[in-house]
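In: sharing a model prediction with you, sequence too.
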Amino acid sequence: MTEFHCLELPRLERFLERRRASPIFLEMNLSEVLVAILRKANEFVPSEAGSILLDNPKKKLPERRRNSLTFIATFGEKADRLVGQTVAADQGVGGHVYITGQSYRAVELQEDEFFNRDFADANDYRPESLVAIPIRIEQEVCGVLELINRREAGDYSQQDVNLLEIFAGYISVSIQNVLDGRLAQEIAKRDNLTGLYNDRYLHIALSRAIEDCRQKEIDLTLLFIDLDYFKRVNDSHGHLAGSQVLREVGQLLQGMSQRVGALAARYGGDEFVIAAPGLDLEQAIDLAEEIRQAVVGTTFCEKPGEVQPDVLRLTGQTCSIGVASLNRHAYSEESTDRCKSTLLRLSDAAMYVAKETGRNRTAVSAELVQRSQQNPSRFD
């Protein structure tokens, strides 16, 4: 029985998500889609081996020969060795097809001018014939389908090439459908104005993060952020200006949260939440202070924006931040849902403490002290 191999899901996700969106959790099995494509190609043109190679859209250059191709899915002898390997786009038959955008067949592959002998030797493989067709997404060449060593009917024929070129349309539609489905799912998770995750998805992601952190025995911290006197922006400059400020704050939080592997969400109005797996309380306080100082130091509406077309150069915006920690503020025996509610409630309460004590500051949940006194060993 022929075995099919595909790049492991985390790495596969990075290849396909960059074409449309960047969700944290993969919600459909892209491996099965690509393996099905290879299996169908093998049914049309039976071969000893085959592979799908894709470029990296995040690093893609207009001059294709300067790019690289990665083996995403494979089958056949030594196929498991190939998955994940990267080759330069200016080498081999696959590279030639990728650069030219034209299908190619080689009957005596060992003598072919485009054959990459060094790569074959490195993988201890001696292919005899090959057919390759370009893969396109939205009319743009993004990769190559290769089949090696024709079975049953001898060498690859022009009829095989013609059949696979027709099949290429199926490949494009299949991958596009996956991407479109992922895009629709991603849009449902996002806040339309800021591009951050919305509060609905925050609850889902936070529950998953809590379970994951408990399993790994690492901390998780929650930052609850509220802009100070934000109503004044709307009253003085209009709601379009207020919306533009929210959008730019969202961009700022997105960049700072991604740097530490955290998730940023708009909770509602001018409130934001950052969930930071792996950050302990002290590290979260440092992050909160960085965010607070970044907001103070930012000039908003400095350039024409998508929401507010006028340049306003708004300065002096501040924020208040509350912080709570999984290890310091939630009991280990609490259920995931109760733990999530505890962290949101305590970080929100700490944020209001920050406001009541002067605004433009960071406050840590006071329940840390209360619970330490009730259960000292919990915080040793």
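Out: In hand now; what should we look at?
In: only C-alpha atoms for contact and neighbour calcs from this point on.
Out: Will do.
In: got the phi and psi for R39?
Out: Main-chain torsions, R39, degrees, to the nearest 10: phi -60, psi -40.
In: phi and psi next, for T298.
Out: Backbone torsions of T298, given as degrees, to the nearest 10, read phi -100, psi 140.
In: list the contacts for it?
Out: Listed by Cα atoms under 8 Å, 6 or more residues apart in numbering, the contact set of T298 reads T315, Q317.
In: again with L163
Out: L163 touches F44, counting by Cα under 8 Å, 6+ apart.
In: what's the average pLDDT for the host helix or strand of it?
Out: Using DSSP states H and E, L163 falls within helix 158-189. Helix 158-189 carries an average pLDDT of 79.
In: the helix or strand following it packs against which elements?
Out: Heading C-terminal from helix 158-189, the first helix or strand you meet, by DSSP H and E, is helix 199-216. Secondary-structure packing of helix 199-216 (3 or more Cα pairs under 8 Å, 6 or more residues apart in numbering; DSSP states H and E): strand 220-227, strand 263-268, strand 271-277, helix 336-356.
In: so which of those is nearest E152?
Out: Nearest to E152, of all the helices and strands packed on helix 199-216, is strand 263-268, at 53.1 Å by Cα to Cα.
In: now do stretch 199-213: everything it contacts.
Out: With Cα under 8 Å, 6+ apart as the test, stretch 199-213 has contacts from 189-190, 219-220, 265-268, 275, 277-278, 326, 336-337, 339-340.
In: PyMOL command for the buried members of these?
Out: Per 16 or more other Cα atoms under 10 Å, the buried members of these correspond to this PyMOL selection:
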select buried, resi 189+190+219+220+265+266+267+275+277+278+326+336+339+340
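In: before we move on, the earlier item: pick the most deeply packed of the helices and strands packed on helix 199-216.
Out: Counting by mean count of other Cα atoms under 10 Å, strand 220-227 has the highest mean neighbour count of these, with a mean of 27.
In: what lines up beside that one in the sheet?
Out: Strand 220-227 has the following strand partners under DSSP bridges: strand 271-277 (antiparallel), strand 319-325 (antiparallel).
In: now the first one: how far from the chain's centre is it?
Out: Distance of strand 271-277 from the chain centroid (Cα atoms, centre = their mean, to the nearest Å) equals 18 Å.
In: same question for the following helix or strand past that strand: list its buried residues.
Out: On the C-terminal side of strand 271-277, the closest following helix or strand by DSSP H and E is helix 281-296. For helix 281-296, a neighbour-count test (16+ other Cα under 10 Å) marks L281, A284, I285, L287, A288, E289, I291, R292, A294, V295 as buried.
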